[in-house]
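# turn this into a structure:
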Amino acid sequence: MFSKINHSRIFAIGIMIIAICVSACTEDAFSTFKNISLNETVDGNSLRVAVQFSCAKPEDAYIEYWINGQKDKLNTTPVSTQRSDFKIVLTNLKFNSTYQYRIVSGNGGVRFESDIYTFKTKDIPDQLLGLYHVNLQNEQELPTEFKDGSMLVYNRETPGFIGMIDFQGGLRWYQRFNDTGVKVAHFTQNKTILAILAPMDYPTSYGNEILELSLTGDTIFHLKKGVMDFKQTIHHEILLNAKNQYVTLSAEEKLIDLSTVGGKQADTVKGDGILVIDKAGKKIWSWSVFDALDPLKEKNILKEAKDWMHANSLFIDTDGNYIISFYNNGQIWKVNATNKKVMWKFGKGGEFVLPQGAEFDQGHAVHVNNQKNIMLFDNGTSKKRSQILAFDLNPVSKQVSLKLQTQLQEGTFTDRMGSAYLINDDTILTCVSKQNQVYLTDKNGKVLWSMMCANTPYRVEFIPFSKSKPYIGTL
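The predicted structure is shown next:
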């Protein structure tokens, strides 16, 4: 795990190439592999290695690799098709380990293998030591699903960091940022990492950059505030929709005459919105809370004008519409992604009657879980005790059925941030941000596994290996 100190690390400086050979094809059907080299990636990442080679004519090629002596645990990269010059990045590596690899190409159903070459990975960077400490008491109690995946974590302060950690605390993937913090990150349906970045002069979860990375470390998309239609500060959420467009929460400001309620004639009210931009940076769609509410009709608008409503999570529902949660008024809304109308409001003062005992103060990380229920992490500020809730909502009858209520242990509480996601039907991964803790519990709140974080985690999401393969999988 991160806190493990390996005293042999001083001997593992750089990637040590034990043997590099050039293999010639013996069949006319194949080109000759030339200029084979194995190099560090540009950022010097210890868990990524780039193999470069060329062929005399276009080929399909990929690489097989394994830990020395463990050929039965073979890793295979995706196939690079019809190229003459190749750069294939190996992932799913372990720190300070010796690997063997070979290049494989094929033509007409015939397989050709290169000679076998050897390299050694570097050790974990010093800056990443001691960040996460896992308490693994009884591995037998953990569900198979939890062992067969990783957790997405990130550091909001500078220097920023995104990582994927397995249940044993092992770092499986990482990316570092020198001058920016990572405000939020998501794993997308395209097997990429999507993040909001910002330097330290931006508050908490607000950011001025959108970055999408492949798991091989390539930049797929990078846009800074002020370029194209990215004009607003964004915060708390960044998603990729089915059209491969970027969906984020945006900060919205409006000058309003608040003199009738005791304010100024030209007061600035800060609200929230939804911004959708395409890969060219063009705005496709937007929505603002000002479209749905009149600030003059809000009883606490003078008190809340500088942070009115405070949207803190966004989710794209299966029908393509948006589910958005607000911290200040304790509500969850569904917003139509076409006509911008609010379809329903759920929570304090909403259209649904909450089951007795299932009232919530504020909701974070609101989403539709794999059981098709609205699930949220309730900060529980009025009770000083956080909980996890899931509801089945009928938008026509406005009936609500409580499907899950998991009280965290007494004293387990965070008044801001936090997340909760189902691992399977019986276990929940919960991030209690201000206590710097992550828990795996059963539905009764019994702790099965825990992790202490050196930084303050905003959320912790779970990514099954089935979704991250072949880049990240079992070792």
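# contacts and neighbour counts: CA atoms only from here.
Will do.
# out of everything not next to it in sequence, what's closest to residue 335?
Closest residue to residue 335 apart from its sequence neighbours, by CA to CA, 6 or more residues apart in numbering: residue 342 at 4.5 Å.
# neighbours of that neighbour, how many?
Per other CA atoms under 10 Å, the neighbour tally for residue 342 reads 16.
# is it true that it touches residue 332?
No - with contacts counted by CA atoms under 8 Å, residue 342 stays clear of residue 332, the gap being 10.5 Å.
# neighbouring strands - and their directions - for the helix or strand hosting residue 173?
Per DSSP states H and E, residue 173 falls inside strand 171-177. The pairing partners recorded for strand 171-177 under DSSP bridges are strand 160-165 (antiparallel).
# which residues touch the strand it pairs with?
Residues from elsewhere that reach strand 160-165 (CA atoms under 8 Å, 6 or more residues apart in numbering): 150-155, 171-182, 185.
# among those, name the buried ones.
The neighbour-count test (16 or more other CA atoms under 10 Å) marks 150-155, 171-176, 180-182, 185 as buried among these.
# got a list of what the residue nearest to residue 158 when sequence neighbours are not counted touches?
Take residue 158 and drop its neighbours on the chain: the residue closest to it by CA to CA, 6+ apart is residue 181, 4.6 Å away. Residues in contact with residue 181 (CA under 8 Å, 6+ apart) are 155-161, 197-200.
# got a winner among the residues you listed for most neighbours?
For those, neighbours were counted using other CA under 10 Å, and residue 197 has the most, 29 neighbours in all.
# who are the neighbours in contact with it?
Residue 197 neighbours (CA under 8 Å, 6+ apart): 180-184, 207-211.
# the stretch 1-150 of the chain: strands as residue ranges?
Using DSSP state E, counting those that start in this stretch, the strands found in the stretch 1-150 of the chain span residues 16-19, 34-40, 49-67, 75-76, 80-90, 98-107, 110-113, 117-120, 132-135, 149-155.
# state the mean pLDDT of the shortest one.
Going back to what we said before, that points to strand 75-76. Mean pLDDT, strand 75-76: 97.
# isn't residue 411 right next to residue 385, touching?
Yes - between residue 411 and residue 385 a contact is recorded at 6.4 Å, counting by CA under 8 Å.
# which one's more surrounded, the two?
The neighbour comparison of residue 411 against residue 385 (other CA under 10 Å) goes to residue 385, with 18 against 10.
# contacts only, for the closest residue to the more buried one other than its chain neighbours.
Leaving aside its chain neighbours, residue 385 sits nearest to residue 413 (4.7 Å; criterion: CA to CA, 6+ apart). By CA under 8 Å, 6+ apart, the contact list for residue 413 reads 379-380, 384-386, 432, 434-435.
# among those residues, name the buried ones.
Buried members of those, counted by 16+ other CA under 10 Å: 379-380, 385-386, 432, 434-435.
# which pair in those residues spans the largest distance?
Maximum pairwise distance in the buried ones among the contacts of residue 413, criterion CA to CA, is 14.2 Å, between 380 and 435.
# geometric centre of this structure: which residue is closest?
residue 186 (2.4 Å; CA atoms, centre = their mean).
# residue 112: how many residues sit nearby?
Taking other CA under 10 Å as the criterion, the count of residues near residue 112 is 16.
# quick check: bridge partners of it?
In beta-bridge terms (that is, DSSP bridges), residue 112 pairs with residue 105.
# just the pLDDT for it.
For residue 112, the model assigns a pLDDT of 87.
# wait, it touches residue 63, no?
No - under the criterion of CA under 8 Å, residue 112 is not in contact with residue 63, lying 11.4 Å apart.
# which neighbours do those two have in common?
Here residue 112 and residue 63 have residue 104 as joint contacts, going by CA under 8 Å, 6+ apart.
# the residue nearest to residue 158 pairs with what?
Note on residue 181: beta-bridge partners residue 198, judged by DSSP bridges.
# any idea how far it is from residue 191?
22 Å (CA to CA, to the nearest Å).
# where along the stretch 351-475 of the chain do the strands fall?
Assigned by DSSP E, counting those that start in this stretch, the strands in the stretch 351-475 of the chain fall at 363-368, 374-378, 387-394, 399-407, 419-422, 427-432, 437-442, 447-453, 461-464.
# need the residues that contact the fifth one.
Spelled out, it's strand 419-422. Counting by CA under 8 Å, 6+ apart, 364-365, 369-370, 375-377, 388, 428-432, 458-462 sit against strand 419-422.
# return the distance of that strand from the chain's centre.
Computed by CA atoms, centre = their mean, to the nearest Å, the chain-centroid distance of strand 419-422 equals 13 Å.
# what of the longest one?
Centroid separation between strand 399-407 and its chain, computed with CA atoms, centre = their mean, is 26 Å.
# partners of it, with directions?
According to DSSP bridges, strand 399-407 has these partners: strand 387-394 (antiparallel).
# now the strand it pairs with: mean pLDDT?
Regarding strand 387-394, the rounded mean pLDDT is 98.
# mind listing what's buried along it?
387-393.
# just stretch 228-241 next, same as before
For stretch 228-241, by 16+ other CA under 10 Å, it's 229-230, 232-240.
# quick check: mean pLDDT across that stretch?
97.
# among the strands of the stretch 351-475 of the chain, which is nearest residue 143?
strand 427-432 (7.9 Å).
# got a markdown table for the buried ones among the contacts of residue 413, with distance to residue 138 too?
Converted to a markdown table, the buried ones among the contacts of residue 413 look like this (distance: CA to CA, whole Å):
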| residue | distance to residue 138 |
| --- | --- |
| 379 | 28 |
| 380 | 30 |
| 385 | 26 |
| 386 | 25 |
| 432 | 21 |
| 434 | 26 |
| 435 | 23 |
